[in-house]
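# Would you be able to build a 3D model of this:
(4 chains)
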Protein chains: 2
Amino acid sequence: MGITIQEASRVSGLSTHTLRYYEQIGLIHEVGRDTGGRRSYTQPDLEWLDFLTKLRTTGMSIAEMCRYAELRRQGPATAAERRRMLEVHRERVLERIAQLGEDLAVIDYKIDLYHTMEKS
Amino acid sequence: MGITIQEASRVSGLSTHTLRYYEQIGLIHEVGRDTGGRRSYTQPDLEWLDFLTKLRTTGMSIAEMCRYAELRRQGPATAAERRRMLEVHRERVLERIAQLGEDLAVIDYKIDLYHTMEKS
DNA sequence: GCTTGACTTGAAGTGCACTCGAAGGTGCAG
DNA sequence: CTGCACCTTCGAGTGCACTTCAAGTCAAGC
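From the prediction side, this is the model:
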């Protein structure tokens, strides 16, 4: 019914180690097991992993992701709180992008200086 | 002539610990000392720290910054190599910004979903 | 039936970038 | 002259996010 940890690793881009680690700390809840006790990842699992990865790459800490995952497990009653978490995170990402843009401008300026130096 | 490590910390936004650490690993070369052997930071030191901080916040590793600092110490002959390092880094930053933008769109979409959920 | 390779678990280890602690030196206020 | 804050060096410690290890289990191919 689901796919193996190897395939889930390939699809999600996370190592099998990381997949087990995420499960252990409660980021992915109760991944199903086949008859031999092996993990079996479903489509919803993979979609959740995908979203988790986006939170990670945008700089959310594992601890905060755990908090979000826990709220999610508690069901629809926590929807508003989860939304607020995402909104707070969204602001952080916007700030980060703005900061990167500023710093990039300085780096560009430096590169230009080097070009000028090399030509003269 | 220069300022104390406390003042340099305030101006640069780096802790005194970090300033000493950066010096120890060779990121800032030969910070001057006063008669009592205390560090004395000059304006060029502070400008260099500022640039280092921009490299850091844009994700350059300490190891790569050390490499850049070493080239800088070797003088103008290494200018082209330093420029190339910055150009490579620049590409990484651009990619990072693009990635953040994409992920942000997904987060925005999720926030929207929550709004819809809450209204219905 | 036996080997091979991928799976399971829990615990220990790694790398990065700091961050802190210990032990001692310096300079100024009272 | 004494206390006190702040400086020095060097080495050890911390937190995060994995990553690897050790020891054992299971299914498929020869």
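
# Please count neighbours and contacts with C-alpha atoms only from this point.
Will do.

# Please verify my assumption that A:Arg90 contacts B:Asp108.
Yes: counting by Cα atoms under 8 Å, A:Arg90 touches B:Asp108, with 7.5 Å between them.

# More neighbours: which of those two?
Using other Cα atoms under 10 Å in any protein chain shown, the more surrounded residue of A:Arg90 and B:Asp108 is A:Arg90, with 20 against 15.

# where's that one relative to DNA strand C, distance?
Per Cα to the nearest atom of the strand, to the nearest Å, A:Arg90 is found 23 Å from DNA strand C.

# quick one: A:Arg72 and A:Arg83 touch, right?
No: in this structure A:Arg72 lies outside contact range of A:Arg83 using Cα under 8 Å: 10.7 Å.

# okay, those two: which has more neighbours?
Using other Cα under 10 Å, the more surrounded residue of A:Arg72 and A:Arg83 is A:Arg83, with 21 against 15.

# is the helix or strand encompassing the more buried one up against chain B anywhere?
Using DSSP states H and E, A:Arg83 sits in helix A:79-119. Yes: counting by Cα under 8 Å from any Cα of the partner chain, chain B is contacted by helix A:79-119 at A:79-80, A:83, A:86-87, A:90, A:93, A:97, A:100-101, A:103-104, A:107-108, A:110-111, A:114-115, A:118.

# what's the helix or strand of chain A with the lowest mean pLDDT packed up against?
Within chain A, no helix or strand scores below strand A:32-33, which has a mean of 90 by mean pLDDT, DSSP states H and E. Contact here means 3 or more Cα pairs under 8 Å, 6 or more residues apart in numbering or on different chains; DSSP states H and E; on that basis strand A:32-33 packs against strand A:39-40.

# next structured bit after the strand it packs on?
Following strand A:39-40 in sequence, per DSSP H and E, is helix A:43-57.

# Which residues does that following helix contact?
Under the criterion Cα atoms under 8 Å, 6 or more residues apart in numbering or on different chains, residues A:2, A:8, A:11-12, A:28, A:31, A:62, A:65, B:100, B:103 lie in contact with helix A:43-57.

# how big is the angle separating the following helix or strand past that helix from helix A:79-119?
Using DSSP H and E, the helix or strand that follows helix A:43-57 in sequence is helix A:62-73. Between helix A:62-73 and helix A:79-119, the angle formed by their directions is 150 degrees, by axes from the mean of the first three to the mean of the last three Cα atoms, to 10 degrees.

# which non-adjacent residue is nearest A:Val11?
A:Leu46 (7.9 Å; Cα to Cα, 6 or more residues apart in numbering or on different chains).

# count of residues packed around the one you found?
17.

# One more: A:Ile28?
Neighbours of A:Ile28 (other Cα under 10 Å): 21.

# Assign it to one of the three secondary structure states.
Using DSSP: H, G, I helix; E, B strand; the rest coil, the three-state assignment for A:Ile28 comes out as coil.

# my guess is A:Ile5 meets A:Thr16, correct?
Yes: between A:Ile5 and A:Thr16 a contact is recorded at 6.2 Å, counting by Cα under 8 Å.

# Just give me the neighbour total for A:Arg73.
12.

# Can you give me the distance of A:Val11 to chain B?
Distance, A:Val11 to chain B, by Cα to the nearest Cα, to the nearest Å: 17 Å.

# B:Glu30 versus that residue, what's the distance?
A:Val11 sits 49 Å away from B:Glu30, going by Cα to Cα, to the nearest Å.
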